[in-house]
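1. curious how this folds, go ahead:
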Amino acid sequence: MSLKSEAALNPTSRSLYSRAKTAAQSKNVDYAINLIQTALKEEPLFLDGRRYLRVLEIQKYKALSSFSKQMLNVKIPSAVLKLSSAGKKEPAEQMAVAEEVLELDPFNQKANVLVADAGSTLGYPEFKAFAYETLAEGQPTNKAFLNTLAQAYMEMKQAEKAEKTYARILEIDPRDGDALSGLKNASAAHASKSGGWETASDYRGALKDKGESEQLEQNAKVVKSAEGIEQQIQLNYQKWQAEPKNPLHSKAIASLYVQRNDYGTAVVWYEEAFKAGGGIDSSLEKMIGDLKLKKVDQEMHQLRAAMAELTDPEQQAQYQAALAEKEKELNEVRLQLAEARVKAQPNEGEYRFDLGEALYKIGQYKRATEELQQSLKQPSVRYQALNLMGLGFMKRGMLDFAVKQLSLAKSELPGMEDIKKDIVYNLGLAYEASKQQEKALDQFKEIYEVDMSYRDVAQRVEASYGNGDQAA
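-> Just a heads-up that it's a prediction; the model follows:
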């Protein structure tokens, strides 16, 4: 038997699946789930259908109220009891029993493991990957689930997916030696597959000739082609295997992953280089931090791009929630990096500012103003620091201090550049919060005189004359 595509289904099952998709589009999710379950009993190897079923079940489960989930918790134990005797059944029957539980709770561990094991028994690690993808979605920081998922990807010879999964584990626990070892093996397998290393008796033989191999090894220029990057990764990996304590090799691998925009894997290899170098290379430490930020920024960009193509409000809400989580993660990474840099160089004003800004973004306004105050002697960040201090004092209800900081910044800045517009606008908000409406309006008018399009100053100023948006 082989995995079934929709086109290869028997006519009855194909009709059921088609009707299920129509029902799902009409928001009749329960009926769609029932139809797919029926089709899967006839066609248990229809993995695409099982994936679609799980998507619907997860959407339904996430939309439940807390009370509804409590009611489900009463039903689930009796359904799970059936799983204990399912081991005696044929794999297809085992999956059918598991699906009864997964309809109630798509993240149930025992049911997903049963699907994984039954599929593996039939000779398809794709079922294991599918089941553990679901479990990892439910518990994204569970290293055991992610590790099994990575192993399943390796069984399927999908080394690139395994790389990314091991990288996720190392984000959770950078000291996980098994994940680091797995990542290196997956990286080598990925490079081997895409670079033709599997069929070469000698890794150099995958290149055109030995002379070209030597040239690539010694070439320090940036590699631009995807094929060239893969070749260089493999070459440097071979060097790293021979000299794992030489940071030059792991740094070279990391830089190649940066060129491939795979920031997560690059971080792992730069951390390996940092460790091999004795943990004293501050420039490398900064690079690691910057790449962590790039990685989260990249993921946020991908989420926004995907969300822009959605029309379903429920899906949009899910992506918005994922974006909020990524924003939180980004702020946490910024805070960790800023704290580490300040600890290493406490007299560096720019680092104090970065820490103050990071603290402000997570709502620690008191600590933020303390750190920002320490950065005021640094000319490059002085006005940004005064501006943010003013906002911090506003958040704390200390409006007189907010006015003082913002007024100082305003008085020191000539002209009306973007930073000054921001400061003057915030000063207007501080006066407004202090019930000093005339002084507030004066600030908005100063901006209006040079830039009517700035934020909502036109609306504020024109409304004060009673004409709003009316024509002159």
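
2. just give me the residue right at the centre of the protein.
-> residue 299 (4.4 Å; CA atoms, centre = their mean).

3. packing partners of the helix or strand harbouring that residue?
-> For residue 299, the host element (DSSP states H and E) is helix 282-308. Helices and strands touching helix 282-308, by 3 or more CB pairs under 8 Å, 6 or more residues apart in numbering; DSSP states H and E, are helix 263-276, helix 313-344. Any C-beta I mention is one placed from the backbone N, CA and C, and that applies to glycine too.

4. now the residue nearest to the centre of the chain. Nearest residue, chain neighbours left out?
-> Ranked by CB to CB, 6 or more residues apart in numbering and with sequence neighbours excluded, the top spatial neighbour of residue 299 is residue 326, at 5.7 Å.

5. repeat that for residue 158.
-> Computed as CB to CB, 6+ apart, the closest residue to residue 158 that is not its neighbour in sequence is residue 129, at 7.9 Å.

6. does residue 407 really touch residue 427, like I thought?
-> Yes. Residue 407 is in contact with residue 427 according to CB atoms under 8 Å; the separation is 6.3 Å.

7. of the two, who's got more company?
-> When neighbours are counted by other CB atoms under 10 Å, residue 407 and residue 427 differ, and residue 427 comes out ahead with 25 against 18.

8. pick the most buried one from the helices and strands packed on helix 282-308.
-> Burial of the helices and strands packed on helix 282-308 is given as mean neighbour count (mean count of other CB atoms under 10 Å); helix 263-276 ranks first at a mean of 23.

9. what's the angle from that one to helix 282-308?
-> 170 degrees (axes from the mean of the first three to the mean of the last three CA atoms, to 10 degrees).

10. name the helices or strands packed onto helix 263-276?
-> helix 159-172, helix 177-195, helix 247-259, helix 282-308.

11. out of these, nearest to residue 455?
-> Of all those, helix 282-308 sits nearest to residue 455, with 22.6 Å by CB to CB.

12. so what's residue 371 closest to, chain neighbours aside?
-> Closest residue in space to residue 371, ignoring its immediate chain neighbours: residue 356 at 3.6 Å, by CB to CB, 6+ apart.

13. residue 264 too?
-> residue 167 (4.0 Å).

14. per-residue pLDDT, residue 361?
-> For residue 361, the pLDDT comes out at 89.

15. residue contacts, it?
-> 331, 334 (CB atoms under 8 Å, 6 or more residues apart in numbering).

16. for the protein, what helix or strand is lowest in average pLDDT?
-> helix 210-218 (a mean of 43; mean pLDDT, DSSP states H and E).

17. next SSE after that one?
-> Using DSSP H and E, the first helix or strand after helix 210-218 is helix 226-242.

18. helices of the stretch 301-450 of the chain, start to end?
-> 313-344, 349-361, 365-374, 382-395, 399-412, 418-433, 437-450 (DSSP state H, counting those that start in this stretch).

19. can I get those helices in TSV with distance to residue 57?
-> Putting those into TSV (distance: least, CB to CB, whole Å) gives the following:
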stretch	distance to residue 57
helix 313-344	14
helix 349-361	36
helix 365-374	42
helix 382-395	42
helix 399-412	50
helix 418-433	47
helix 437-450	53
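
20. for residue 268, which of these is the nearest?
-> helix 313-344 (15.2 Å).

21. quick one: average pLDDT of that closest one?
-> 82.

22. quick one: the host helix or strand of residue 55 to helix 313-344, angle?
-> Taking DSSP H and E as the definition, one finds residue 55 inside helix 47-63. Helix 47-63 runs at 80 degrees relative to helix 313-344, counting by the same axes, to 10 degrees.

23. can I have helix 47-63 written out in PDB, keeping just the CAs?
-> What follows is helix 47-63, C-alpha atoms only, in PDB (Å, rounded to 0.1, in the frame of the first residue of the first chain):
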ATOM      1  CA  LEU A  47      -2.700  11.600   5.000                       C
ATOM      2  CA  ASP A  48      -3.700  14.900   3.300                       C
ATOM      3  CA  GLY A  49      -7.200  14.300   4.400                       C
ATOM      4  CA  ARG A  50      -6.100  13.500   7.900                       C
ATOM      5  CA  ARG A  51      -4.100  16.800   8.000                       C
ATOM      6  CA  TYR A  52      -7.100  18.800   6.900                       C
ATOM      7  CA  LEU A  53      -9.200  17.000   9.500                       C
ATOM      8  CA  ARG A  54      -6.700  18.100  12.200                       C
ATOM      9  CA  VAL A  55      -6.700  21.700  11.000                       C
ATOM     10  CA  LEU A  56     -10.500  21.800  11.400                       C
ATOM     11  CA  GLU A  57     -10.400  20.100  14.800                       C
ATOM     12  CA  ILE A  58      -7.700  22.500  16.100                       C
ATOM     13  CA  GLN A  59      -9.700  25.500  14.900                       C
ATOM     14  CA  LYS A  60     -12.800  24.200  16.600                       C
ATOM     15  CA  TYR A  61     -10.900  23.400  19.800                       C
ATOM     16  CA  LYS A  62      -9.200  26.800  20.000                       C
ATOM     17  CA  ALA A  63     -12.500  28.600  19.600                       C
END
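
24. show me what that helix packs onto, helices and strands only.
-> helix 11-25, helix 29-42, helix 91-104, helix 125-138, helix 313-344.

25. contacts for it next, please.
-> Residues outside helix 47-63 that contact it (CB under 8 Å, 6+ apart): 3-6, 17, 20-21, 24, 29-30, 32-33, 36-37, 39-40, 43, 69, 99, 102-103, 105-107, 115, 124, 126-127, 130, 134, 137, 314-315, 318.

26. 6 Å instead?
-> With CB atoms under 6 Å, 6 or more residues apart in numbering as the test, helix 47-63 has contacts from 3, 17, 24, 29, 32, 33, 36, 106, 126, 134.

27. separation between residue 422 and residue 455?
-> Residue 422 is 9 Å from residue 455, where distance means CB to CB, to the nearest Å.

28. tell me which of those two has more neighbours.
-> residue 422 (19 against 13).

29. pLDDT at that one, what is it?
-> At residue 422, the pLDDT recorded in the model is 94.

30. and residue 106, how far from residue 405?
-> When residue 106 is compared with residue 405 (using CB to CB), they lie 52 Å apart.

31. next one, pLDDT for residue 197 please.
-> 42.

32. number of nearby residues for residue 66?
-> 6.

33. mark which of the contacts of helix 47-63 are buried, thanks.
-> Neighbour-count burial (16 or more other CB atoms under 10 Å) is assigned, among these, to 17, 24, 29, 32, 33, 36, 106, 126, 134.

34. turn the residues you listed into a markdown table, including pLDDT and distance to residue 398.
-> As requested, the buried ones among the contacts of helix 47-63 are arranged in a markdown table below (pLDDT from 0 to 100; distance: CB to CB, whole Å):
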| residue | pLDDT | distance to residue 398 |
| --- | --- | --- |
| 17 | 91 | 63 |
| 24 | 87 | 54 |
| 29 | 88 | 51 |
| 32 | 90 | 56 |
| 33 | 92 | 55 |
| 36 | 93 | 59 |
| 106 | 89 | 49 |
| 126 | 91 | 59 |
| 134 | 92 | 49 |
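
35. quick check: the residue nearest to the centre of the chain vs residue 263, distance?
-> 9 Å.

36. go on, residue 383?
-> For residue 383 relative to residue 263 (CB to CB), the value is 32 Å.
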